[in-house]
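Q: Take a look and give me a structure for this.
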Amino acid sequence: MKSKGWSHVGLGTWDIERTREFYEGVLGFKAVRCDIIKVKEGGEVHHVFFDTGRGQLLAFMELRGVPGVPARLDMNLNRVFSIPGAFHVYHFALEAGDEAELMAKRTELIAKGVKVSPIVDHEWAKSIYFRDPNGVVIEYSFLTREFTEDDGRIQARFEVSLDDPLPWTDFRAQ
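A: Below you'll find the model as predicted:
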């Protein structure tokens, strides 16, 4: 079967209403499927799918009153696993298109009160970073060039220090 991209990414939330306000009101994604799933043993799951474009969806689940599930889960997996702030191991990136669209998205997010990183030049891509209400790191990015054979070889490319914040970790910068 030929790869067709991803269908959806599923994440957890502790407040589906707040998450929906952010993804619809701030990012402009339309909720295309919303379910309440009753759990026989008690509680329910609120499940919302957002259209992010190109037929790709982003889904969130909130487990309410389900036995054995804490009332409030920490959805920031980087924090849960004590990953240093310099590394957003757990995040997802949305396509920005080009530099003008990335700059426009950054300006729009700041105008909506979102703390956004400066534009980061990764040499092969440019990005901005911010968090959703659950603490999930979101990136908007676009490729600045085609990949080469050299890009596909694992090799040392640069060095970082855990003591120095990297540009993509600075959500206070506006």
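
Q: Tell me who's in contact with residue 37.
A: Neighbouring residues of residue 37 by C-beta atoms under 8 Å, 6 or more residues apart in numbering: 44, 45, 46, 47. C-beta here means a position set from N, CA and C on the backbone, and glycine is covered the same way.

Q: Out of those residues, name the ones that lie in strands.
A: The strands, defined by DSSP state E, take in 44, 45, 46, 47 from the contacts of residue 37.

Q: Of the contacts of residue 37, which is the nearest to residue 64?
A: residue 44 (5.4 Å; C-beta to C-beta).

Q: So the closest one versus residue 37, what's the distance?
A: 6 Å (C-beta to C-beta, to the nearest Å).

Q: I'd like the average pLDDT over stretch 48-66.
A: For stretch 48-66, the mean pLDDT works out to 93.

Q: which residues make contact with that stretch from outside it?
A: 5-16, 19-20, 23-24, 29-35, 39, 41-47, 69, 73, 92, 94-95.

Q: Mind checking which of these land in helices?
A: Those of the contacts of stretch 48-66 mapping onto helices are 16, 19, 20, per DSSP state H.

Q: possible to save these as CSV with neighbour count?
A: Output for the ones in helices among the contacts of stretch 48-66, formatted as CSV (neighbours: other C-beta atoms under 10 Å):
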residue, neighbour count
16, 20
19, 24
20, 20
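
Q: Kindly reformat the residues you listed as CSV containing distance to residue 63 and pLDDT.
A: Listed next are the ones in helices among the contacts of stretch 48-66 as CSV, based on distance: C-beta to C-beta, whole Å; pLDDT from 0 to 100:
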residue, distance to residue 63, pLDDT
16, 10, 95
19, 13, 96
20, 16, 97
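
Q: Dump the C-alpha coordinates for the helix or strand hosting residue 52 into PDB.
A: Secondary structure assignment for residue 52, by DSSP states H and E: strand 44-53. The C-alpha trace of strand 44-53 is given here as PDB (Å, rounded to 0.1, in the frame of the first residue of the first chain):
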ATOM      1  CA  GLU A  44     -17.700   8.600  29.900                       C
ATOM      2  CA  VAL A  45     -15.300   9.600  27.300                       C
ATOM      3  CA  HIS A  46     -15.700  12.900  25.400                       C
ATOM      4  CA  HIS A  47     -14.000  12.600  22.000                       C
ATOM      5  CA  VAL A  48     -13.500  15.400  19.500                       C
ATOM      6  CA  PHE A  49     -11.900  15.300  16.000                       C
ATOM      7  CA  PHE A  50     -10.600  18.500  14.400                       C
ATOM      8  CA  ASP A  51      -9.900  18.900  10.700                       C
ATOM      9  CA  THR A  52      -6.300  20.200  10.300                       C
ATOM     10  CA  GLY A  53      -6.400  20.200   6.500                       C
END
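
Q: Thank you kindly, that will do.
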